[in-house]
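Peer 1: next come a sequence and a model predicted from it.
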Amino acid sequence: FLVEKGNHRHFMAKEIYEQPEVVGHTLTQYLDMAKGQVRLPFGDQIDWKGLSRLTISACGTSYYAGLIAKYWFEKLARLPVEIDVASEFRYREAPLPEQGLALFVSQSGETADTLAGLRYARENGQVILSVVNVPTSTIARESDAVAPTLAGPEIGVASTKAFVCQLAVFASLALAAARARGTLSAEDEAVHVQHLIALPGLMAKALQLEPEIETLARELSKARDVLYLGRGTSYPLALEAALKLKEISYIHAEGYPAGELKHGPIALIDSDMPVIVVAPHDALFEKTASNMQEVAARGGRIILVTDAKGAAHCGIEPEATIIMPDMDPTFAPIVYALPIQMIAYQTAVFMGKDVDQPRNLAKSVTVE
Ligand code: G6P
């Protein structure tokens, strides 16, 4: 069916702006809001308690959603996670645990490598769970259980709303796994559920940062390379941020774990290269702040995406600071994804690029 852009210049803009709504919509399928509990749409089909390990595989932006999920499954549910891009997973003959759970993430549900990874896992006796946006897709049909994202049709080649919905689903799955495995009390579950319910409102606030981001994008459009840094769940978000920027603006960008700065990328720091640091004021903030100070000491240009506390305690004066609303840090990537997408979008628009149809890229990659 026909999907229109409405008042937006591009599908990508429309899809960025839809995010509070589609995340809210997705969460209603995963939470019993009145009871403050997670309630999975596929019921008790998965034996979370009996699992020794979870294997996740996906491509592109869906892979980065899986990387963030790894932090949540491991921390909240104490469930070890093995994750790889599907093009590697399908060929590396990975030994898989008996009766293991393999999870595949895909917006389209048709990505050739992801589907091949799914079939490999099936042949190796795994229970297959998929997080997909197209419920009629091949990946959904070949799965034992499907965790749908309710992002609606995504037209822009660079994934935005499907990504945040994948994260909302993963947050819910991690909480369900944690309850089943006895690593989360009912009280703590209720607190996390409240934090999830607050997300759409926080995302709506984050969208109001557009004017600041537009100003920043003008500067970024002059850059040849951009480095993104983050720690913890902000690290996969830094990877996704770099992917978004290169996909649509064609500016070379890299995402790096902030702690790895000293093992290589610090050699690149000069007064030309913007370093975008994603750092909510969480338990790891001080560590990231000291990495930022190392960049500043070498004359690097820092753009900091943080909250008011982070801005006050970063110990330097960044070239620009994007101040996000305060929130609980656990599921903050779901909100911090928005300025990251808007930075890429505004930069590409300013440079006159075709953001919905970037060169050489396809929305759904059904060939190897
Ligand atoms: C392509 C798209 C990306 C997407 C990736 C995985 O590269 O351009 O936006 O993240 O495929 O697609 P999937 O449909 O499996 O999530």
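Peer 2: The structure has been received and is ready for your questions. Since the structure is predicted, the reported quantities are computational estimates derived from the model, not experimental observations.
Peer 1: how about the helices in the stretch 251-368 of the chain?
Peer 2: Counting by DSSP state H, counting those that start in this stretch, one finds helices in the stretch 251-368 of the chain at the ranges 285-297, 308-313, 333-350.
Peer 1: around the ligand, pick out the residues from the stretch 151-300 of the chain.
Peer 2: Residues of the stretch 151-300 of the chain lying near the ligand by Cβ under 6 Å from any ligand atom: 157-159. Quick note: C-beta positions are derived from backbone N, CA and C, even for glycine.
Peer 1: just put those residues in CSV and tack on pLDDT and secondary structure.
Peer 2: Converted to CSV, these look like this (pLDDT from 0 to 100; DSSP: H, G, I helix; E, B strand; the rest coil):
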residue, pLDDT, secondary structure
V157, 91, coil
A158, 94, coil
S159, 96, coil
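Peer 1: quick one: which of the residues you listed is nearest to the ligand?
Peer 2: Nearest to the ligand among these, counting by Cβ to the nearest ligand atom, is S159 at 3.8 Å.
Peer 1: and that closest one, how many neighbours?
Peer 2: Neighbour count of S159, defined by other Cβ atoms under 10 Å: 28.
Peer 1: the stretch 1-150 of the chain: strands as residue ranges?
Peer 2: Using DSSP state E, counting those that start in this stretch, the strands of the stretch 1-150 of the chain run over residues 31-32, 37-38, 54-58, 81-85, 101-106, 127-132, 145-148.
Peer 1: what is the burial count for the closest residue to the ligand within the stretch 1-150 of the chain?
Peer 2: Residue nearest to the ligand within the stretch 1-150 of the chain (Cβ to the nearest ligand atom): G60, separated by 2.8 Å. Residues near G60, counting by other Cβ under 10 Å, number 23.
Peer 1: residue contacts, it?
Peer 2: By Cβ atoms under 8 Å, 6 or more residues apart in numbering, the contact set of G60 is 111, 159, 243.
Peer 1: shouldn't H281 be in contact with L304?
Peer 2: No - between H281 and L304 there is no contact under Cβ atoms under 8 Å: 11.0 Å.
Peer 1: tell me the most buried of the helices of the stretch 251-368 of the chain?
Peer 2: Highest mean neighbour count of the helices of the stretch 251-368 of the chain: helix 333-350, a mean of 26 (counted as mean count of other Cβ atoms under 10 Å).
Peer 1: any part of it near the ligand?
Peer 2: No - using Cβ under 6 Å from any ligand atom, helix 333-350 never reaches the ligand; the gap is at least 11.7 Å.
Peer 1: next one: that helix to chain centre, how far?
Peer 2: Computed by Cα atoms, centre = their mean, to the nearest Å, the chain-centroid distance of helix 333-350 equals 12 Å.
Peer 1: find the centremost residue of this structure, please.
Peer 2: A65 (4.1 Å; Cα atoms, centre = their mean).
Peer 1: can I assume it is in contact with F163?
Peer 2: Yes - the pair A65 / F163 is scored as a contact, 5.6 Å apart, by Cβ under 8 Å.
Peer 1: now render the strands of the stretch 1-150 of the chain as a markdown table, adding distance to I266, mean pLDDT and mean neighbour count.
Peer 2: Shown next, in a markdown table, are these (distance: least, Cβ to Cβ, whole Å; pLDDT from 0 to 100; neighbours: other Cβ atoms under 10 Å):
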| stretch | distance to I266 | mean pLDDT | mean neighbour count |
| --- | --- | --- | --- |
| strand 31-32 | 43 | 98 | 17 |
| strand 37-38 | 42 | 98 | 20 |
| strand 54-58 | 30 | 98 | 27 |
| strand 81-85 | 26 | 98 | 18 |
| strand 101-106 | 32 | 98 | 29 |
| strand 127-132 | 36 | 98 | 23 |
| strand 145-148 | 40 | 98 | 20 |
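Peer 1: please report how far the residue nearest to P135 when sequence neighbours are not counted lies from A86.
Peer 2: Nearest in space to P135, with sequence neighbours left out and distances taken as Cβ to Cβ, 6 or more residues apart in numbering, is P148 at 5.5 Å. As for P148, its distance to A86 is 19 Å (criterion: Cβ to Cβ, to the nearest Å).
Peer 1: ok, now S234?
Peer 2: S234 is 24 Å from A86, where distance means Cβ to Cβ.
Peer 1: the two: who's more crowded?
Peer 2: S234 (31 against 27).
Peer 1: confirm for me that the more buried one is in contact with H281.
Peer 2: No - applying Cβ under 8 Å as the test, S234 and H281 come out as separate, 11.4 Å apart.
Peer 1: how about a markdown table for the helices of the stretch 251-368 of the chain, with mean pLDDT and distance to I251 added?
Peer 2: Listed next are the helices of the stretch 251-368 of the chain as a markdown table, based on pLDDT from 0 to 100; distance: least, Cβ to Cβ, whole Å:
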| stretch | mean pLDDT | distance to I251 |
| --- | --- | --- |
| helix 285-297 | 95 | 18 |
| helix 308-313 | 97 | 25 |
| helix 333-350 | 98 | 7 |
